[in-house]
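1. Could you look at this predicted model? Sequence included:
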Amino acid sequence: MQSATAFKTATPQPYSFDQEILREYDIRGQIGKNLSANDAYAVGCAYGTYVKRKTGGSRICLSFDGRASSPALQEAMTAGLIAVGITVERIGVGPTPMLYFAVKDRQADAGLMITGSHNPADYNGFKMTLLNGPVYGEAVQEIGRIAREGDYDLGVGSVSDFDIQDQYVDRLMRDTLLKPGKEMRIAWDNGNGAAGEILRRLCAKLPGEHIMLYDEIDGTFPNHHPDPTVDKNLEDLIKVVREKKCDLGIAFDGDADRVGAVDEQGNILRCDTLITIYARDVLKRHPGAPIIGDVKCSQVMYDEIKKLGGTPVMWKTGHSLIKAKMYEMKAPLAGELSGHIFFGDGWYGFDDGLYCGIRLIDAVIASNGPASALVSTLPQTCNTPEIRFEVEEKDKFNLVTSVVNSVKSIAAKDASVTVNDIDGARVNTPDGWWLLRASNTQNVLVTRCEAQSVEALERLKAMVKDEVLKIGYKVSFVQ
């Protein structure tokens with residue numbers, strides 16, 4: 001990559017990003033292919049300009065994850081921000097939620113996180129936030145336009161470094177019910193992600209016994225891929241929970257803004273199940289409040305929220321989209337199946353896997369029983385995992401529109417079939433429901449089914465196959 005010195009002396013110039021890296025929720029690409037220090041410098045110039053115009057402020061917190069490419073990207077990013085008059089407050093390596101916390105705690109105008117999240121080691125990118133809302137969609141495209149046209153607000157900025165780790169850990173500790181006399185044995189799988197040092201500091205303060213897996217920050221991810229929503233990535237955690245007779249197992253993705261969990265038997269607690277568990281507690285303080293989930297979440301979750309007296313709200317998939325809807329509705333809790341869960345109740349409204357872990361521990365303690373008891377009364381369903389199949393990028397949304405129109409024509413003739421088209425097609429039948437939507441980040445369509453029985457699930461899968469065949473593709477549910 002280009003040297004940091006070169007960026008410090010550079011004059012910002014118009015710069016065109018590879019359009020592929022300007023995504024719906026962030027800017028993300030592959031080092032050596034479509035992402036470099038030049039891109040980081042240009043993002044610094046463009047995002048700094050965007051923040052000044054959007055907020056009237058000029059103070060941005062900056063952090064980065066443990067990938068090999070991240071330090072050089074941070075140096076280039078810092079130079080770009082300074083070139084447009086930004087006061088840069090660097091908090092060092094750590095998880096994305098620590099960056100979000102820094103923005104809130106220090107009342108900065110915005111934040112910028114250098115992270116590849118759960119992508120392979122040779123990927124990296126930039127997650128952006130304002131003090132009071134996410135940056136996504138059209139805002140990402142506007143940042144691209146500012147860079148492309150060289151439309152910068154030049155200035156003279158500054159940089160300072162500070163350590164917020166202990167403040168963040170102390171804030172995480174404030175809400176835990178895990179006190180002396182209520183000890184638990186908990187296994188934590190950091191997956192060599194960016195939360196390693198925070199996890200060590202947190203476990204050192206929490207009562208009980210804490211077993212840490214892969215707490216060393218290593219951006220090559222030598223043990224397993226850091227994505228806790230993929231079952232095979234939880235195998236080590238499940239093994240430790242069972243062998244060490246732990247009360248709970250908690251896992252994070254590469255930048256710890258997503259959470260995964262297993263109960264004391266090693267059974268995986270899906271993220272829509274976690275939202276249901278959290279809703280029981282949250283709705284005690286916010287009766288009738290909206291609880292938001294994405295279109296991929298189980299119908300069981302929505303039904304349970306309603307039974308608890310809450311207002312279930314189904315929304316579009318995408319952590320930035322869910323976060324924006326949460327702000328709009330002032331919801332105390334929101335989340336999506338991918339593991340992004342947001343607490344407005346007691347927290348700041350951003351997705352934080354570490355805080356979700358604390359709240360899950362609290363739920364187990366409050367129940368006076370094992371973690372498995374938290375889900376023992378929930379209805380059992382049969383479902384498929386998320387099934388993805390590749391399509392042409394330029395066609396993916398039109399393909400889904402064709403499916404929506406097709407199933408709506410079926411629903412017009414059969415009152416037992418209903419279609420929710422807020423994000424693709426979520427089709428309800430007497431057997432259960434199925435979903436087909438286009439990914440916002442990949443050239444794939446995504447499908448999932450949930451039914452009351454194995455036989456009903458097979459009928460739903462057959463319906464999906466028929467609809468996909470109509471648009472010229474085939475889908476297999478065999479993993």
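-> Alright, I've got the coordinates.
2. Leu22 is in contact with Gly144, correct?
-> Yes: assessed by CB atoms under 8 Å, Gly144 is found in contact with Leu22 at 4.8 Å. Backbone N, C-alpha and C define where each C-beta goes, glycine included.
3. Which one's more surrounded, these two?
-> The neighbour comparison of Gly144 against Leu22 (other CB atoms under 10 Å) goes to Gly144, with 20 against 17.
4. tell me the phi and psi of Leu248?
-> phi -170, psi 150 (degrees, to the nearest 10).
5. Okay, and the beta partners of it?
-> Beta-bridge partners of Leu248, counted by DSSP bridges, are Ile186.
6. dump the residue contacts of it.
-> 184, 186-187, 241, 261-264, 360-361, 364, 371 (CB atoms under 8 Å, 6 or more residues apart in numbering).
7. Cross those residues against strands and list the overlap.
-> Members of these lying in strands (criterion: DSSP state E): 186-187, 261-262.
8. Let me have these in TSV, extended by pLDDT, distance to Lys52 and neighbour count.
-> As requested, the ones in strands among the contacts of Leu248 are exported to TSV (pLDDT from 0 to 100; distance: CB to CB, whole Å; neighbours: other CB atoms under 10 Å):
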residue	pLDDT	distance to Lys52	neighbour count
Ile186	98	44	24
Ala187	98	45	25
Ala261	98	40	25
Val262	98	45	25
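9. Pick the one among those residues closest to Asn440.
-> Ranked by distance to Asn440 (CB to CB), the ones in strands among the contacts of Leu248 are led by Ala261 at 25.5 Å.
10. Show me the strands in the stretch 1-150 of the chain, by range?
-> Secondary structure of the stretch 1-150 of the chain (DSSP state E, counting those that start in this stretch): strands at 27-30, 59-64, 87-93, 110-114, 123-130, 133-134.
11. Also the stretch 301-450 of the chain?
-> 311-315, 333-335, 341-343, 382-383, 387-390, 418-420, 425-429, 432-438, 444-451.
12. For the shortest one, which helices and strands make contact with it?
-> Put plainly, it is strand 382-383. For strand 382-383, the elements it packs on are strand 444-451, helix 454-470, judged by 3 or more CB pairs under 8 Å, 6 or more residues apart in numbering; DSSP states H and E.
13. and the ones you listed, which is most packed in?
-> Ranked by mean neighbour count, the helices and strands packed on strand 382-383 are led by strand 444-451 with a mean of 23 (mean count of other CB atoms under 10 Å).
14. Neighbouring strands - and their directions - for that one?
-> Next to strand 444-451 in the sheet, as set by DSSP bridges, lie strand 382-383 (antiparallel), strand 387-390 (antiparallel), strand 432-438 (antiparallel).
15. most packed of these?
-> When the strands paired with strand 444-451 are compared using mean count of other CB under 10 Å, strand 432-438 is most buried, at a mean of 23.
16. before we move on, back to that, kindly present the strands of the stretch 1-150 of the chain as a markdown table, with separate columns for distance to Thr441 and mean pLDDT.
-> Below are the strands of the stretch 1-150 of the chain laid out as a markdown table (distance: least, CB to CB, whole Å; pLDDT from 0 to 100):
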| stretch | distance to Thr441 | mean pLDDT |
| --- | --- | --- |
| strand 27-30 | 8 | 95 |
| strand 59-64 | 21 | 98 |
| strand 87-93 | 25 | 98 |
| strand 110-114 | 17 | 98 |
| strand 123-130 | 11 | 97 |
| strand 133-134 | 15 | 91 |
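17. mind giving me TSV with those and columns for mean neighbour count?
-> Formatted as TSV, the strands of the stretch 1-150 of the chain follow (neighbours: other CB atoms under 10 Å):
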stretch	mean neighbour count
strand 27-30	21
strand 59-64	26
strand 87-93	20
strand 110-114	28
strand 123-130	24
strand 133-134	20
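18. now the helices for the protein?
-> 4-8, 37-55, 70-83, 96-106, 138-149, 165-174, 196-205, 235-243, 271-285, 299-307, 319-329, 353-367, 396-413, 454-470 (DSSP state H).
19. between the ones you listed, which one is nearest to Leu337?
-> Ranking the helices of the chain by their distance to Leu337 (criterion: CB to CB) puts helix 271-285 first, at 5.3 Å.
20. mind checking how far Ser160 is from Val43?
-> Using CB to CB, to the nearest Å, Ser160 is found at 20 Å from Val43.
21. Looking at the two, which one has more neighbours?
-> Between Ser160 and Val43, counting by other CB under 10 Å, Val43 is the more crowded of the two (30 against 8).
22. Spit out the contact partners of the more buried one.
-> Contacts were defined as CB under 8 Å, 6+ apart; by that measure Val43 touches 27, 77, 80, 112, 126, 143, 147.
23. biggest separation within the residues you listed, which pair?
-> Greatest spacing in the contacts of Val43, by CB to CB: Leu112 and Ala147 (14.4 Å).
24. ok, back up a step: make JSON lines from the strands of the stretch 301-450 of the chain and add mean pLDDT to it.
-> Below are these laid out as JSON lines (pLDDT from 0 to 100):
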{"stretch": "strand 311-315", "mean pLDDT": "98"}
{"stretch": "strand 333-335", "mean pLDDT": "98"}
{"stretch": "strand 341-343", "mean pLDDT": "98"}
{"stretch": "strand 382-383", "mean pLDDT": "94"}
{"stretch": "strand 387-390", "mean pLDDT": "94"}
{"stretch": "strand 418-420", "mean pLDDT": "97"}
{"stretch": "strand 425-429", "mean pLDDT": "98"}
{"stretch": "strand 432-438", "mean pLDDT": "97"}
{"stretch": "strand 444-451", "mean pLDDT": "96"}
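25. For those strands, could you give me CSV that also reports distance to Leu172?
-> Below are the strands of the stretch 301-450 of the chain laid out as CSV (distance: least, CB to CB, whole Å):
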stretch, distance to Leu172
strand 311-315, 27
strand 333-335, 18
strand 341-343, 12
strand 382-383, 32
strand 387-390, 34
strand 418-420, 36
strand 425-429, 35
strand 432-438, 34
strand 444-451, 32
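26. Can you say which of these is nearest to Leu206?
-> Smallest distance to Leu206 across these (CB to CB): 18.5 Å, for strand 341-343.
27. With distance to Ile410 added, can I get the helices and strands packed on strand 382-383 in CSV?
-> Below are the helices and strands packed on strand 382-383 laid out as CSV (distance: least, CB to CB, whole Å):
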stretch, distance to Ile410
strand 444-451, 16
helix 454-470, 9
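28. Would you mind confirming that Asn223 is in contact with Asn192?
-> Yes: using CB under 8 Å, Asn223 is in contact with Asn192, at 6.1 Å.
29. Mutual contacts of these two, please.
-> Joint contacts of Asn223 and Asn192 (CB under 8 Å, 6+ apart) are Tyr214.
30. and those two? which has more neighbours close in?
-> Higher neighbour count among Asn223 and Asn192: Asn192, with 24 against 16, using other CB under 10 Å.
31. Now do the contacts for the more buried one.
-> Going by CB under 8 Å, 6+ apart, Asn192 touches 66, 214, 216-223, 226.
32. May I ask which two of the residues you listed are separated the most?
-> So for these, where distance means CB to CB, the most widely separated pair is Gly66 and Asn223, at 13.4 Å.
33. partner residues bridging Gly155?
-> Counting by DSSP bridges, Gly155 forms beta bridges with Val84.
34. who's in contact with it?
-> 58, 83-86.
35. do you know how far it is from Lys179?
-> Using CB to CB, Gly155 is found at 49 Å from Lys179.
36. for Lys408, same thing?
-> Counting by CB to CB - Lys408 and Lys179 are separated by 54 Å.
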